[in-house]
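Trainee: would you be able to build a 3D model of this:
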Amino acid sequence: MPDADLTAIEQRLGEIEGALERLEQGGYGTCRACGQPIGDAVFAADPAAELCGSCAPGATEAG
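Mentor: All right, here's what the predicted structure looks like:
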């Protein structure tokens, strides 16, 4: 497996582990930047999301 693939897999695993930790601590579903709910549309795209649609890099509209 190329190093780039392994790095991407390790990064994604870290994101998932972070989501599980937030779930255990009661913070899953809350934007880490602004404290607002992340929203179903964002979670549909990425269940491990840490930011709402407004705070995510490249966001163009309020989420």
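
Trainee: residue 37 versus the residue nearest the centre of the chain, what's the distance?
Mentor: In the chain, the C-alpha nearest the mean C-alpha coordinate belongs to residue 49, at 1.5 Å (Cα atoms, centre = their mean). Using Cβ to Cβ, to the nearest Å, we find residue 49 at a distance of 11 Å from residue 37. (C-beta placed from N, C-alpha, C; glycine too.)

Trainee: related to what we said a few turns ago, number of residues surrounding the closest residue to the residue nearest to the centre of the chain other than its chain neighbours?
Mentor: Spatial nearest neighbour of residue 49, chain neighbours left out: residue 42 (4.9 Å); criterion: Cβ to Cβ, 6 or more residues apart in numbering. By the criterion of other Cβ atoms under 10 Å, residue 42 has 22 neighbours.

Trainee: for residue 42, give me its contacts.
Mentor: Shown in contact with residue 42 (Cβ atoms under 8 Å, 6 or more residues apart in numbering): 49, 51-53, 56, 63.

Trainee: helix, strand, or coil at it?
Mentor: helix (DSSP: H, G, I helix; E, B strand; the rest coil).

Trainee: so which residues of this protein form helices?
Mentor: Counting by DSSP state H, the chain has helices at residues 3-25, 40-45.

Trainee: which among these is found nearest to residue 31?
Mentor: Proximity to residue 31 (Cβ to Cβ) singles out helix 40-45 among the helices of the chain, at 9.0 Å.

Trainee: and of the contacts of residue 42, the nearest to residue 25?
Mentor: Among the contacts of residue 42, and counting by Cβ to Cβ, the member closest to residue 25 is residue 49, at 16.0 Å.

Trainee: before we move on, the earlier item: got the contact list for the residue nearest to the centre of the chain?
Mentor: Counting by Cβ under 8 Å, 6+ apart, residue 49 has contacts 19, 38, 42-43, 56.
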